[in-house]
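**Q** Coordinates only, no sequence provided:
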């Protein structure tokens, strides 16, 4: 979905990616977009770029929003973006240039939106959503929107999303929203990396359609019942409450239920307050760092998995792998012993 | 969701898992269930068990069925199971004992169903579905049903499902159906491993709800429009046709569109014929082996990824990882350089 924009000019690859860092940090929109593309496409220099950007991160608040298709996620995210653009940031880190390169005249939050759409390119989810919303926010240099679709099997979507959030964070974005459809393991992994996870439900979609991925209920820090003027809102609330009574959270937090009608802007202030409440709770209980450390442990394992596989493939060669796969398909070889042998052989 | 049934008796672990193989191959239902649990839970001996079973596999036809929630997958799978139980298997491999331990008096296909339900335990998908369908088929020793829910992040669901299919195949099951909700990358990975992949659509659910994961449209060998007596069936068919015109398949196959009303058993014979047609096409074009080799290459990469991560974790230790994750969370360390260092260190 994203076009490939390689990260090199007349200089060497490394120099070129290093050259992105200063303009990116001073609000150059083209540098930001190129940096994100480099990371998203795993283009040459992506790893060095992230290494260089990491020291500049840790400033942004990161929200993860997920829910079934049709729950009104995009509308809610847009309303939240408007809300934060009107809210003063007590600790701004950005330059006078906004995320779109133009000056930001206020001291309010700048907002980055990563819309992760793992659905089919045919249905045009990512691209279409991008265009419509780009247009609407085009005039506000304090908002940057990026759509991401599925990456290949190597390097999961969750990992790439987290890396893109790192780039946005380093660019001086004050608040990042990661929005995704909450139905697969990918999506659970994506929102798990956020500081605050928001699950969006909607009345009257039926249990079958609203089926929520295992693990999502458990990781939601805030429940939103959107389209709450519809019949069945009370029923959804009752269901959440009864599920909550089954599973106590380790951190002692009881996720609030916020009712919204995003299309009318109703309940957005309340949602903003609920988000701030949870962040204050984490801070008061000294949980913010341990939550972040837990997230990083999962991310490190993922990164290590990819790095080790890369090492195995480099040492072993894809051609050899194809040949062995054929032998397994012909039942000449048992794959379980084979993988053990390869793993033992690597690094020797 | 699955209960843990460890694979050991008075003997050593290895002996015990080895002891499962003969009874499993001769139709002992308890041995089959224990073997599946061992593999699913990665209980001690799981790897040796699979190594020992692999030479006995390659006989079963494997169908993957996927589609949006509410598309009627379970009903369709049940109807297909009935269909195959009435169909004579020209190459039976099983013993006189069926998959449920009782004798099978016919020469028709025995059927294994793996229902993969990555949705919440709260909604009761796997357990409830299991019970209802277990009851109905209880009297037929030629059908074995197993529900699987999400596994932990280590060892993906797709991999575990493939391993469970290996156990069923080795047990003498003639035809295996893997059924899953087609909305996440997990599900794409799961059905990709089948010999024949069937995508189930349904009229009138709206584009938003029917959103299909990228990659699923491309890998469907057969499209089913279920509940085809509903308004909009023609529209869905037209959409599939127009999408098909965008993407030609490398193997030259044009996936047929089969209309069914699974709840009434309508169109099931036609679906069975379409499945046989595709298998005949693969066989005629000598594509069956190359398709299997491609699948195995992907599986080997997955297995290698897990094996390498396991190696890294063993050598490195989870305690060290937790400590480093804390340092990353405190921004004392850059995770990208860290992972490179660990990967370089492993195996030295």
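**A** Great, that's in hand. Nothing here was measured: the structure is a model prediction, and the numbers come from that model.
**Q** Check whether residue A:292 really touches residue B:329, as I assumed.
**A** Yes. Counting by C-beta atoms under 8 Å, a contact exists between residue A:292 and residue B:329, whose distance comes to 4.0 Å. Heads up, the C-betas are built off the backbone N, CA and C, glycines and all.
**Q** Extract the residue ranges of the stretch 101-250 of chain A that are flagged as low pLDDT.
**A** A:117-138, A:149-156, A:182-188, A:192, A:205-217, A:246-247 (pLDDT under 70).
**Q** can you give me the strands in it?
**A** Along the stretch 101-250 of chain A, the stretches classed as strands by DSSP state E, counting those that start in this stretch are A:111-117, A:143-149, A:175-181, A:196-201, A:222-225.
**Q** Longest helix of chain A, counting residues only.
**A** Among the elements of chain A assigned as helix by DSSP state H, the one spanning the most residues is helix A:288-316.
**Q** What is it packed up against?
**A** Helices and strands touching helix A:288-316, as assessed by 3 or more C-beta pairs under 8 Å, 6 or more residues apart in numbering or on different chains; DSSP states H and E, comprise helix A:157-170, helix A:185-192, helix A:268-284, helix A:335-345, helix B:288-316, helix B:318-329, helix B:335-345.
**Q** wouldn't residue A:92 be in contact with residue A:174 here?
**A** Yes. Distance between residue A:92 and residue A:174: 6.3 Å, which falls inside the contact criterion (C-beta under 8 Å).
**Q** so what's in contact with those two at the same time?
**A** When C-beta atoms under 8 Å, 6 or more residues apart in numbering or on different chains defines a contact, the residues bordering residue A:92 and residue A:174 alike are residue A:109.
**Q** Which one of these two is surrounded by more residues?
**A** Set side by side, residue A:92 and residue A:174 show more neighbours around residue A:174, with 23 against 16, by other C-beta atoms under 10 Å in any protein chain shown.
**Q** Mind pulling up the pLDDT for residue A:3?
**A** What the model reports as pLDDT for residue A:3 is 35.
**Q** sorry, that was for residue A:279
**A** 96.
**Q** and stretch A:34-46, average pLDDT?
**A** Mean predicted lDDT for stretch A:34-46 stands at 89.
**Q** from the chain's centre, how far out does that stretch sit?
**A** Centroid displacement of stretch A:34-46 relative to its chain, using C-alpha atoms, centre = their mean, to the nearest Å, is 16 Å.
**Q** do stretch A:226-244 as well
**A** Distance, stretch centre to chain centre, for stretch A:226-244: 26 Å (C-alpha atoms, centre = their mean).
**Q** List the buried residues of that stretch.
**A** A:226-228, A:232-233, A:236-237, A:239-240, A:243-244 (16 or more other C-beta atoms under 10 Å in any protein chain shown).
**Q** Quick check: the farthest pair among these?
**A** A:227 and A:244 (21.1 Å; C-beta to C-beta).
**Q** which element follows whichever strand or helix holds residue A:63 toward the C-terminus?
**A** When secondary structure is defined using DSSP states H and E, the element that contains residue A:63 is strand A:61-67. Remark: after strand A:61-67, the chain's next helix or strand is helix A:73-85, criterion DSSP H and E.
**Q** Now do stretch A:329-337: distance to the chain's middle.
**A** Its chain's average C-alpha position is 38 Å from that of stretch A:329-337, according to C-alpha atoms, centre = their mean.
**Q** Then stretch A:190-199?
**A** Averaged C-alpha coordinates place stretch A:190-199 at 8 Å from its chain's average position (C-alpha atoms, centre = their mean).
**Q** Also stretch A:71-85?
**A** With C-alpha atoms, centre = their mean as the basis, stretch A:71-85 stands 15 Å off its chain's centre.
**Q** anything in it near chain B?
**A** No. Among the residues of stretch A:71-85, none lie within reach of chain B under C-beta under 8 Å from any C-beta of the partner chain; the closest is 9.7 Å away.
**Q** Provide the contact partners of that stretch at residue level.
**A** Applying C-beta under 8 Å, 6+ apart, the set of residues contacting stretch A:71-85 from outside is A:63, A:65-67, A:106, A:108-111, A:113, A:115, A:129, A:133, A:136-137, A:140, A:142-143, A:174-175, A:177, A:179, A:181, A:200-202, A:205, A:224, A:226-227, A:260, A:262-263, A:265, A:268-269, A:271-272.
**Q** So which of those reach chain B?
**A** Restricting the contacts of stretch A:71-85 to those touching chain B (C-beta under 8 Å from any C-beta) yields residue A:181.
**Q** Are any of the contacts of stretch A:71-85 buried, and if so which?
**A** With burial judged by 16+ other C-beta under 10 Å, the buried subset of the contacts of stretch A:71-85 is A:63, A:65-67, A:108-111, A:113, A:115, A:129, A:133, A:137, A:140, A:142-143, A:174-175, A:177, A:179, A:181, A:200-202, A:205, A:224, A:226-227, A:260, A:262, A:268, A:271-272.
**Q** what is the residue nearest to residue A:195 when sequence neighbours are not counted paired to in the beta sheet?
**A** Distance criterion C-beta to C-beta, 6 or more residues apart in numbering or on different chains; nearest residue to residue A:195, sequence neighbours excluded, is residue A:62 at 4.7 Å. Each beta-bridge partner of residue A:62 is listed here: residue A:176, as defined by DSSP bridges.
**Q** Can you report how many residues neighbour residue A:62?
**A** Summarising burial for residue A:62: neighbours were counted as other C-beta under 10 Å, giving 23.
**Q** check contacts around it.
**A** By C-beta under 8 Å, 6+ apart, residue A:62 lies in contact with A:165, A:169, A:175-178, A:193-196.
**Q** Most neighbours among the residues you listed, please name it.
**A** Per-residue neighbour counts (other C-beta under 10 Å) across the contacts of residue A:62 peak at residue A:178, which has 28 neighbours.
**Q** For burial, what's the neighbour tally of residue A:55?
**A** Residues contacting residue A:55 under the criterion other C-beta under 10 Å number 10.
**Q** With residue A:248 instead?
**A** When neighbours are counted by other C-beta under 10 Å, residue A:248 registers 10.
**Q** That one and residue A:285, how far apart?
**A** 15 Å (C-beta to C-beta, to the nearest Å).
**Q** circling back: okay, the residue nearest to residue A:195 and residue A:295: tell me how far apart.
**A** In this structure, residue A:62 and residue A:295 are separated by 10 Å, where distance is defined by C-beta to C-beta.
**Q** Give me the common contacts of the two.
**A** Between them, residue A:62 and residue A:295 share these contacting residues under C-beta under 8 Å, 6+ apart: residue A:193.
**Q** count of neighbours near residue A:264?
**A** Counted with other C-beta under 10 Å, residues neighbouring residue A:264 total 12.
**Q** Now the phi/psi pair for it, please.
**A** phi -110, psi 0 (degrees, to the nearest 10).
**Q** who are the neighbours in contact with it?
**A** With contact set as C-beta under 8 Å, 6+ apart, residue A:264 has no partners.
**Q** same thing with residue A:331?
**A** By C-beta under 8 Å, 6+ apart, the residues touching residue A:331 are B:54-55, B:57-58.
**Q** So which of these reach chain A?
**A** Of the entries in the contacts of residue A:331, those that also sit close to chain A under the rule C-beta under 8 Å from any C-beta are B:54-55, B:57-58.
**Q** Give me the pLDDT for the residue nearest to residue A:263 when sequence neighbours are not counted.
**A** Across the structure, with C-beta to C-beta, 6+ apart as the measure, the residue nearest residue A:263 apart from its sequence neighbours is residue A:75 (5.6 Å). Residue A:75 is assigned 90 on the pLDDT scale.
**Q** so how far is residue A:262 from residue A:75?
**A** With distances taken as C-beta to C-beta, residue A:75 is found 4 Å from residue A:262.
**Q** Spell out which residues are contacts of both of the two.
**A** Common neighbours of residue A:75 and residue A:262, using C-beta under 8 Å, 6+ apart, are residue A:226.
**Q** so what pLDDT did residue A:59 get?
**A** As summarised for this prediction, residue A:59 has a pLDDT of 90.
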